[in-house]
Every structure is written in C-alpha cells, then in structure tokens.
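Undergrad: Give the three-dimensional model of this entry:
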Amino acid sequence: MTRRTRRRRPARNAYIRRRPARRRHRGAPNGLFGLLAAVLVMAATAAVVRWLLANWWILLAAALAALAFGGVWLYRRAEQARWEQTRFNALRYDLPQIDALHHRAFEYAVRDLLRRDGCSDARQVGGAGDNGADVIATDPHGRVWVIQCKHRRNGTSGSAVGTPDLQRVNGTARPLHGADVVAVVTNGRFSSRCPELAGALRMHLVDRRILARWAAGSQPLWDLLPKVPPPRKPIT
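TA: Reported below is the predicted structural model:
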C-alpha cells in the first residue's frame, strides 16, 4: 500500500499587514456635554439672581442677622477680656497660700502674677524637656523674662535652692529662649553661694521676702529687683 501523501498547507506569512483600527472621535460628545453643563449652570445662576432680586428683603434680613450675631460675639469677647483683666488686677497671694500650692500650681501662680503686671503673653512651659524654663513672658517694656520656679512646701525650713539650679537655667535661658532677664523664684531660701554666682551670671534671685511683696500686688517684679536691664521700648 502506498502511503497517502498529505498536502502541505502553504505557510502563513508571519508579517501580515493589518489594517489600522479606526479611531473613534470622542471629542464631539464630550464637547457637547461640556457645553450643555455650562448652559445649565448659567441658567441656574440666572434663576438664583432673579429670585434674589425679587426677594431682596431676605438678603437684607440675613445681613442684619449676621451683623447682630457678630456684634453680640464681639461684645461678649470684650466683656470676657475686661473680666479677665479685672481678675488679674485683683490677684493677690499671701505666703501661706503659696506654701500650700503644688509645685506645678506655683508655676501657674507666677505666670498669673506676671499677667497681672502687664505681661499678656506670660505662659507656663515647665515640665519634661522645658530646658530650664518654667515661665516665659514679655513685660510691657519689651524685655523677655525666663523664670525658673523652685517651690518649697516648708518654706524657709525646706532645702535651700543651690548653685546647680542657677547654672541649669543660666545655660539655656539666653541662647535657647532669648532671655533679657533670667530669674529664679522661690518661696524658700537660697544657699549662701547663690548671690555671688547670680551676680556673676547676671541673674536675679526672688526669695521669699521679695516674693511676698510681689504677690501682695504693690509693685511689679521689675520694680522690686536691682539692676534689671533697661527697657527695650517705652510703655504706650
């Protein structure tokens, strides 16, 4: 038997030219939709304008209500500011009150005394990472105060504030906080070596005696300390 020969199919050309697909033109529908949207927006705007013109009294009532609300809000803010200023002006502490404070509350008391004397930006910053400052304030003369607070529950019977406390705040007060006046305030006492070191470092010590006069409200702190730097600006 003879084998049946198979006819070979002609090899397809690997490079068959394909007709480029026709691109659909989508620009026209998109442009039509955009034009339609613009027309609708213009029509809606015109309708709103016509309605407002026909009902102008509603706009007037809304404007009057907004003005009244703003006036009440400003009045309340002004009243609150006056009340706060009155409260600070009347702020007084005696030494037994100060001795009974927590050390953090003592920092806030020093801040409030500074605010009472016109340091509107006085703020308590003591805590972890305070870099030696417990209270920072700018007085009415433009001088920046950096204060370290040392509270002693037993007053002068407690441990004395020593020179390491002075060195700690002195190392950061001017380079980090831009202090013009550096002070350490305590309701206790300072060690015998502190006054000499404070003079050398151009620092101020507020001991229990000065604190009592300051907290009584008779004078601001800068009037109770010697050799305070001159004012940066006059009081307006």
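Undergrad: what does stretch 211-223 contact?
TA: Stretch 211-223 is contacted by residues 91-95, 98, 109, 113-114, 116-118, 139, 141, 143, 181, 183, 185-187, 206, 224, 228 when judged by C-beta atoms under 8 Å, 6 or more residues apart in numbering. The C-beta positions use only the backbone N, C-alpha and C, and glycine is treated the same way.
Undergrad: What are the buried residues along it?
TA: Using 16 or more other C-beta atoms under 10 Å as the test for burial, stretch 211-223 gives 211, 214-215, 220-222.
Undergrad: List just the nearest of these to Met42.
TA: Pro220 (65.6 Å; C-beta to C-beta).
Undergrad: Which helix or strand lies directly C-terminal to the lowest-mean-pLDDT helix or strand in the chain?
TA: Across the helices and strands of the chain, mean pLDDT, DSSP states H and E gives its lowest value to helix 56-89, namely a mean of 71. Next along the chain after helix 56-89, taking DSSP states H and E as the criterion, comes helix 95-99.
Undergrad: CA atoms only: put the helix or strand following that following helix into PDB for me.
TA: On the C-terminal side of helix 95-99, the nearest following helix or strand under DSSP H and E is helix 103-116. Presented in PDB, the C-alpha positions along helix 103-116 are these (Å, rounded to 0.1, in the frame of the first residue of the first chain):
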ATOM      1  CA  HIS A 103       5.000  72.900  92.600                       C
ATOM      2  CA  ARG A 104       3.200  73.000  89.200                       C
ATOM      3  CA  ALA A 105       0.500  75.200  90.600                       C
ATOM      4  CA  PHE A 106       3.300  77.500  91.900                       C
ATOM      5  CA  GLU A 107       4.500  77.900  88.300                       C
ATOM      6  CA  TYR A 108       1.000  78.900  87.200                       C
ATOM      7  CA  ALA A 109       0.700  81.400  90.100                       C
ATOM      8  CA  VAL A 110       4.000  83.000  88.900                       C
ATOM      9  CA  ARG A 111       2.600  83.200  85.400                       C
ATOM     10  CA  ASP A 112      -0.600  84.800  86.600                       C
ATOM     11  CA  LEU A 113       1.300  87.400  88.600                       C
ATOM     12  CA  LEU A 114       3.200  88.300  85.500                       C
ATOM     13  CA  ARG A 115       0.000  88.700  83.600                       C
ATOM     14  CA  ARG A 116      -1.400  90.800  86.300                       C
END
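Undergrad: helix or strand for Cys149, which one?
TA: Counting by DSSP H and E, Cys149 is found in strand 144-150.
Undergrad: sorry, that was for Val182
TA: Counting by DSSP H and E, Val182 is found in strand 181-186.
Undergrad: Show me what the next helix or strand after that strand is packed against.
TA: Next along the chain after strand 181-186, taking DSSP H and E as the criterion, comes helix 194-201. Under the contact definition 3 or more C-beta pairs under 8 Å, 6 or more residues apart in numbering; DSSP states H and E, helix 194-201 sits against helix 163-177, strand 204-206.
Undergrad: Please report the number of neighbouring residues for Pro175.
TA: 10 (other C-beta atoms under 10 Å).
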